[in-house]
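Chemist: Predicted model follows, preceded by the sequence.
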Amino acid sequence: MFKKTLAGMFGLLISLAACQSPDNAQTEQTETQETTAVADTTQRTPRPKPENYSFKGVEKKRVYICMDPTDDLFHQKHDCPVLVSCASTFRNLTLPRAVEAFDRYNCETCSADLAYVFDESAVRMETGLGDK
Ligand SMILES: [Zn+2]
């Protein structure tokens, strides 16, 4: 009698699991896709070394970089979501060093205001002013 009940409960559990499995599979698939998308964004090939840059006014600015070999960004905010997702170690260094020694570009999330550092026309303008 007891055994029969147990078997019946087991059967019920199996059918419950069978009913739920399509939903579970779908949820898992969606999550996997999202993870892949994030990984693609983070692990892109680093851009070539920046060629045009000017550090006027930001020579002493300290930034953070992720020491991951696939990363080519520097961050102004230590809690920037892009930096937080860094799987490697962090370094805190000056902006010119991040760019010249580590080939870093400004992070669009926390350092979009520093894009001008790499603006070719801004570099030319500054050179022009220096000639005066
Ligand atoms: Zn950032």
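Modeler: Sure thing, it's come through.
Chemist: Could you look up the SS state of the nearest residue to residue 91 once chain neighbours are set aside?
Modeler: Excluding its sequence neighbours, the residue lying closest to residue 91 (CB to CB, 6 or more residues apart in numbering) is residue 65, at 5.2 Å. Bear in mind the C-beta positions are built from the backbone N, C-alpha and C, glycine included. The three-state assignment at residue 65 reads strand, by DSSP: H, G, I helix; E, B strand; the rest coil.
Chemist: Quick check: residue 65 vs the ion, distance?
Modeler: Distance of residue 65 to the ion, computed by CB to the ion, to the nearest Å: 10 Å.
Chemist: Would you quantify the distance from that residue to residue 103?
Modeler: 10 Å (CB to CB, to the nearest Å).
Chemist: Pick out whichever of the two has more residues nearby.
Modeler: residue 65 (25 against 14; other CB atoms under 10 Å).
Chemist: so what's the more buried one bridging to?
Modeler: Per DSSP bridges, the residues bridged to residue 65 are residue 74, residue 91.
Chemist: Count the residues that sit near residue 53.
Modeler: 18.
Chemist: for residue 57, same thing?
Modeler: 9.
Chemist: now the one 4 residues further on
Modeler: Counted by other CB under 10 Å, the residues lying close to residue 61 total 16.
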